[in-house]
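*Asks:* return a 3D structure for these sequence lines:
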Amino acid sequence: MARYVAVVVGSLRKGSFNRMTAQALMEMAPESLKLEIVEIGNLPLYNQDHEADPPSESVAFKQRIAAADAVIFMTPEYNRSVPGVLKNAIDIASRPYGQSAWAKKPAAVISVSPGSLGGFGANHHLRQSLVFLDMPTLQQPEVYIGTCATLFDEHGKLVSEGTRKLLTNFLGAFANWVERNAA
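*Replies:* Residues are numbered from 1 along each chain as shown. The predicted structure is shown next:
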């Protein structure tokens, strides 16, 4: 039976390279993993005042994360960190304190950026949050995808064989990681 993997894309942009990379991952995934993007664009801003009666979008998102066997975070880099929309999604599914939907779920981080550093700062900043969330996070292979504007064709399809090989290696390692760490 395939493990359900929630893919959380931290970019809302229509032509998002992170979303294109997530689509490529979904197409390349081994049969042991069922990857599905869990949308975050319609989430309201997290507000602790609403914890007793959270907005329906927040409840639905948290339920989708709770149902996942594992999570892949796709993040661009904004000001050497993750975008606010991604941090907001993390906060929504982690609250109230002690009721996190993220806890114990195997995770991985992929950063995708037009810059040459491949979102290194965002990747590592996000990993700090995952430690607190108690998500065992895949360490190797690290995936920083830089100069991403050159990796896709005009239809958003991955055309870089080097990147395809990196993602294939990542998926194999992640599938093993999920099997070892999934509840």
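*Asks:* so the residue nearest in space to the middle of the chain versus E154, what's the distance?
*Replies:* Centroid check for the chain by C-alpha atoms, centre = their mean gives F73 as the closest residue, at 1.3 Å. Here the criterion is C-beta to C-beta, to the nearest Å. By it, F73 lies 27 Å from E154. No exception for glycine: its C-beta is placed from N, CA and C like everyone else's.
*Asks:* list the helices and strands the longest helix seen in the chain packs on?
*Replies:* For the chain, the longest helix by residue count, based on DSSP state H, is helix 161-181. Counting contacts by 3 or more C-beta pairs under 8 Å, 6 or more residues apart in numbering; DSSP states H and E, the secondary-structure elements packed against helix 161-181 are strand 3-9, helix 17-28, strand 33-37, strand 70-75, strand 107-112, strand 143-145.
*Asks:* then it to PDB, C-alphas only?
*Replies:* Output of helix 161-181 as PDB, limited to C-alpha atoms (Å, rounded to 0.1, in the frame of the first residue of the first chain):
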ATOM      1  CA  GLU A 161      18.400  15.500 -16.700                       C
ATOM      2  CA  GLY A 162      20.700  16.400 -13.800                       C
ATOM      3  CA  THR A 163      17.800  17.700 -11.800                       C
ATOM      4  CA  ARG A 164      15.700  14.700 -12.700                       C
ATOM      5  CA  LYS A 165      18.500  12.400 -11.400                       C
ATOM      6  CA  LEU A 166      18.800  14.400  -8.200                       C
ATOM      7  CA  LEU A 167      15.000  14.100  -7.600                       C
ATOM      8  CA  THR A 168      15.000  10.400  -8.400                       C
ATOM      9  CA  ASN A 169      17.800   9.800  -5.900                       C
ATOM     10  CA  PHE A 170      15.900  12.000  -3.400                       C
ATOM     11  CA  LEU A 171      12.600  10.000  -3.900                       C
ATOM     12  CA  GLY A 172      14.400   6.700  -3.300                       C
ATOM     13  CA  ALA A 173      16.000   8.000  -0.100                       C
ATOM     14  CA  PHE A 174      12.700   9.600   1.000                       C
ATOM     15  CA  ALA A 175      10.700   6.400   0.400                       C
ATOM     16  CA  ASN A 176      13.200   4.500   2.600                       C
ATOM     17  CA  TRP A 177      13.100   7.300   5.200                       C
ATOM     18  CA  VAL A 178       9.300   7.100   5.300                       C
ATOM     19  CA  GLU A 179       9.200   3.300   5.800                       C
ATOM     20  CA  ARG A 180      11.700   3.600   8.600                       C
ATOM     21  CA  ASN A 181      10.000   6.500  10.400                       C
END
